[in-house]
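Asker: Show me the folded form of this:
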Amino acid sequence: SKPIPSTIHHKTDYRFMPLQSSNRVTRLHWKLFFPLVGLLWLVIGITICYFVIHERHRLSYNLGNRLVNVNKTVIDAYYRGADLQKTVDFIRLFTNRTTLDPLHLTVYDDSGHVIADNSRPTIRIHDDTGAMLPQFRDTWAGNDSTYLHDMNIDGAKYMVSSATSSDGSIHSFAALPYQGEVREFLSVDSMVWVVVIALGILSSVMAYLGSRAVCRNVYSLRDFAEMISSNNLPDDIESWRFSKDELGEVSKRLLLLYREKIKAEHEKTLHERQIGINVSHELNTPVAIIKGYLDTIVADPELPEPQKELFIQRAKDNADRLAGLVGALESVMRLQESGQPVECRAIDFHDLAMKLADDVAHNHVAGDMTFEVDVPSGCMVCANPTLLTNALLNLVRNAAQHSGGSRIFLRRVGDDNGYALFAFSDNGSGVDSEHLERLFDLFYRVDRGRARKKGGAGLGLPLVKRIFRAMGGDIAADGSAGCGLTFVFRLPRPQ
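Answerer: The predicted structure follows:
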């Protein structure tokens, strides 16, 4: 027969094969990269914005406290009876070349007259008509109070702090314009933006490398699919490149599963082809014999009558053998293809075995061998009685034809997890251990020549195994050459 080509025989080293990216996988790479880098930039931006706002608020709070302290210094000087103009001049000298260098400081009495002022423009609280400006009315009204506001004065924005003495006689106003040193003080250090850019670039690089690492596994899965489609898988599983992560492990398992599937299908194909060859051979043998005898009878009309009857009888015997072979093969195939459990019921195995022993004795099924049963009464099993009887008869015929012994034993041997265990054995020649696992293969014979002479086709034991499995049980062979052959089978017990 022509050998089936193997799908896993190529010797290719995949460790140095370049990964060929397709448009779909390339798009996937960027689809992963852009959302990831966008998310990282968003997180960085939100964090930096929060930091900047918080830092500006802190700096503004500190600067406001300084203005408040300036006014408190003036009010305290008033309480001590100090010269307020000298106090204002001292504050001017003290704040020179500091953040408070552009400080405007003006002190009013309760009549609205300036009684102290620094060198900066006076903080005007009245308009040209002498009316108090609206933004100063609230701060003027309170006694022993301090206020801090942002105000627009003469078209410029100022941070203004005001304080009033407890007797309402002194009103001190300190103001800082949001420009120059103040603006620089309230601004965020430029290094923050350098850090933001550095973090953004680093995050982008990490996002790129991460998305590429993930897509590398996708590349491997894609290449794996291409190898499957071209039947070009490596023999050595370790020669395939797998990443050391979950996707790599999944890829490796998929490759192993696929290789096992291919191997199983390959073995199944070989097995089915071998079965076909065996079926053809087994059917052709009796057909050829029948044809040979009939051709001889037709070709020689003057063939003696005794010789003609002998040839016809032999042709009939082979026709009967052919019919039995076809029937057994049909039974095996029917059980194998159905794959469904047969209808079973609770039966007493003792009664079935005793009836079988009577049938074997009366019909000489075991030939010259004796059939002995040792099964206790009330041994209940769940089985199909017709199929079970057929399976046991096949075991008896197998022992009678091939064992060469004188006794056959059927006995109960115990229980195992809801199953009843039985042993069917003979005291014949047995078989070598190398044949035990294959006894239930279709058309398998230990001694092909002698088995065919005795009428064996290698279908009896395969049929027996399929019957037991169809009933929810199983059977196995045990023994060694010269020590007889034992079949241990189990059947489920009724629930």
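Asker: Show the subsequent helix or strand relative to the host helix or strand of His29.
Answerer: Element membership of His29, judged by DSSP states H and E, is helix 23-80. The first helix or strand that comes after helix 23-80 along the chain, using DSSP H and E, is helix 84-94.
Asker: The helix holding His29 vs helix 84-94, what angle?
Answerer: Put simply, helix 23-80 runs at 150 degrees to helix 84-94, going by axes from the mean of the first three to the mean of the last three CA atoms, to 10 degrees.
Asker: The stretch 101-250 of the chain: helices as residue ranges?
Answerer: 134-141, 181-186, 190-229, 246-299 (DSSP state H, counting those that start in this stretch).
Asker: looking at those, which is closest to Leu442?
Answerer: Among the helices of the stretch 101-250 of the chain, the nearest to Leu442 by CB to CB is helix 246-299 (5.3 Å). (C-beta placed from N, C-alpha, C; glycine too.)
Asker: helices and strands around the closest one, which ones?
Answerer: On a contact count with 3 or more CB pairs under 8 Å, 6 or more residues apart in numbering; DSSP states H and E, helix 246-299 meets helix 190-229, helix 305-338.
Asker: Can you point out the buried residues in the helix or strand following the shortest one?
Answerer: Along the chain past helix 305-338, the next helix or strand (assigned with DSSP H and E) turns out to be strand 345-348. Within strand 345-348, the residues scored as buried using 16 or more other CB atoms under 10 Å are Ile347.
Asker: send the alpha carbons of the helix or strand following strand 345-348 over as PDB?
Answerer: Per DSSP H and E, the first helix or strand lying C-terminal to strand 345-348 is helix 349-363. Below are the C-alpha coordinates for helix 349-363, written out as PDB (Å, rounded to 0.1, in the frame of the first residue of the first chain):
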ATOM      1  CA  PHE A 349     -25.700 -12.600  36.100                       C
ATOM      2  CA  HIS A 350     -25.800 -16.000  37.900                       C
ATOM      3  CA  ASP A 351     -28.900 -17.000  36.000                       C
ATOM      4  CA  LEU A 352     -27.500 -15.800  32.600                       C
ATOM      5  CA  ALA A 353     -24.200 -17.600  33.200                       C
ATOM      6  CA  MET A 354     -26.000 -20.900  34.100                       C
ATOM      7  CA  LYS A 355     -28.200 -20.700  31.100                       C
ATOM      8  CA  LEU A 356     -25.100 -20.000  29.000                       C
ATOM      9  CA  ALA A 357     -23.400 -23.100  30.400                       C
ATOM     10  CA  ASP A 358     -26.400 -25.300  29.400                       C
ATOM     11  CA  ASP A 359     -26.400 -23.900  25.900                       C
ATOM     12  CA  VAL A 360     -22.600 -24.400  25.600                       C
ATOM     13  CA  ALA A 361     -22.900 -28.000  26.800                       C
ATOM     14  CA  HIS A 362     -25.900 -29.000  24.600                       C
ATOM     15  CA  ASN A 363     -24.600 -27.400  21.400                       C
END
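Asker: coming back round to it: for the helix holding His29, what is the distance to the chain centroid?
Answerer: 44 Å (CA atoms, centre = their mean, to the nearest Å).
Asker: Surely Asn318 and Ile289 touch.
Answerer: Yes - using CB atoms under 8 Å as the test, Asn318 is close enough to Ile289 to be in contact (4.6 Å).
Asker: Could you check the angle the helix holding His29 makes with helix 190-229?
Answerer: Helix 23-80 and helix 190-229 are oriented at 160 degrees to each other (the same axes, to 10 degrees).
Asker: who does helix 23-80 touch, helix- and strand-wise?
Answerer: Counting contacts by 3+ CB pairs under 8 Å, 6+ apart, helix 23-80 is packed against helix 84-94, strand 104-109, strand 146-153, strand 156-164, strand 170-177, helix 181-186, helix 190-229.
Asker: Strand 170-177 and that helix, what's the angle between them?
Answerer: Counting by the same axes, to 10 degrees, helix 23-80 lies at 150 degrees to strand 170-177.
Asker: Understood, closing this out.
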